[in-house]
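# here is my input, please return the structure:
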Amino acid sequence: MRILLAATIVLGFAAAGCAYPVAGAGPNPSPLTTATRSPAAVQPAGTAKLISAELRQIRVIAARPDVPGYKRDLFGQTWTDDHTGRGGHNGCDTCNDVLAAQLTAVQYRSRSRCVVIAGALPAEPYTGRRIEFRKAAAAKVQIDHLYPLARAWDMGAARWPLQRRVDFANDQTANLLAVDGPANASKNDDGPGEWLPINRSYRCIYVLRYLQVARKYALPMHLRPPIPPGRPQVRAADHRGRPRCCPGDHPILLLEPTRP
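A predicted model of the protein is given here:
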């Protein structure tokens, strides 16, 4: 009989732009939920089933290790074009690649095919609000690592070769999302056990995409930390202990202890 360790998402209402704030891929990966324009409007059917499928492939450990030595430059130069993923070696930095892909009504600097100076997020994922991007106030829209770099360092990236860390930090397909700057700052290096978007309609997608990155890079989950006093805890599970969607089609439960 095998014991499946568990991790439960806690409902907490509670980092990176073009200027970064201070603050083992499997052989047969399942399709990733990639970011597109207006990603907050995307809500695929069967999200709970997709989350459950991801969880079956992710190792769970007792606690997040505290691995010393993390520095941003250990994941390469910020927004370097020197990576092997989508947009790599195209002559544009990763930040502008993501802005160009995820904003609408994109405007470029005169005589530049790379530098985005204006655009909009019609439904920003973490808040659900429309946000206008202007280069002069670039901090309003930042590029978030769904699976934060400092967290990845602790969970295994400290042992990776440099190029793998660079590829992780610039993975436009799986790990990067243009979001509201203050919301991104509130997330810091938390995972879904500590932080969820205030935009309830995006929570399922956020959880799913976080798990997809964890699986793609063989990063483990850890049991949820102790709940601070006064912080709400919601377990969204039906009476059979399987994940369900709450509210509507938005699953909150990740895993719970089970004995098959």
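# low-confidence bits of the chain, can you list those?
1-45, 224-260 (pLDDT under 70).
# packing partners of the top helix by length along the chain?
Scanning the chain for the longest helix, with DSSP state H as the assignment, gives helix 203-216. Judged by 3 or more CB pairs under 8 Å, 6 or more residues apart in numbering; DSSP states H and E, helix 203-216 is in contact with helix 47-55. Heads up, the C-betas are built off the backbone N, CA and C, glycines and all.
# packing partners for the helix it packs on?
helix 203-216.
# name every strand pairing with the next helix or strand after the helix it packs on and say which way it goes.
As assigned by DSSP states H and E, the chain's next helix or strand after helix 203-216 is strand 221-222. Using DSSP bridges, the strands paired with strand 221-222 in its sheet are strand 60-61 (parallel).
# ok, back up a step: tilt between the longest helix of the chain and helix 47-55?
20 degrees (axes from the mean of the first three to the mean of the last three CA atoms, to 10 degrees).
# beta partners of residue 104?
Assigned bridge partners for residue 104, using DSSP bridges, are residue 120.
# all helices for the stretch 101-250 of the chain, in order.
Here the stretch 101-250 of the chain has its helices, by DSSP state H, counting those that start in this stretch, at 149-155, 162-169, 181-187, 203-216.
# any idea which of those helices is most buried?
Of the helices of the stretch 101-250 of the chain, the one with the most neighbours on average (mean count of other CB atoms under 10 Å) is helix 203-216, at a mean of 24.
# let me know the angle separating that helix from helix 162-169.
170 degrees.
# can you count the residues close to residue 112?
For residue 112, the tally of surrounding residues (other CB atoms under 10 Å) stands at 11.
# list the contacts of it.
By CB atoms under 8 Å, 6 or more residues apart in numbering, the contact list for residue 112 is empty.
# could you pull up phi and psi at it?
Residue 112 adopts backbone torsions of phi -120, psi 140, taken as degrees, to the nearest 10.
# from residue 135, how far off is it?
11 Å (CB to CB, to the nearest Å).
# ok so, going back, kindly reformat the helices of the stretch 101-250 of the chain as JSON lines containing distance to residue 82.
As requested, these are exported to JSON lines (distance: least, CB to CB, whole Å):
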{"stretch": "helix 149-155", "distance to residue 82": "17"}
{"stretch": "helix 162-169", "distance to residue 82": "7"}
{"stretch": "helix 181-187", "distance to residue 82": "24"}
{"stretch": "helix 203-216", "distance to residue 82": "20"}
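# for residue 124, which of those is the nearest?
helix 181-187 (7.8 Å; CB to CB).
# show me what the closest one is packed against.
Against helix 181-187 (3+ CB pairs under 8 Å, 6+ apart) you get strand 141-145.
# sheet partners, orientation included, of the strand it packs on?
strand 176-180 (antiparallel).
# which residues sit against the partner strand?
35, 39, 94, 98-99, 102-103, 121, 124-127, 129, 131, 133, 140-146, 170, 209.
# same question, stretch 80-97
17-18, 76, 79, 100, 113-116, 143, 163, 166-167, 169-173, 176.
# straight-line length of that stretch, end to end?
11 Å (CA to CA, to the nearest Å).
# what does stretch 121-133 give?
Stretch 121-133: ends 8 Å apart by CA to CA.
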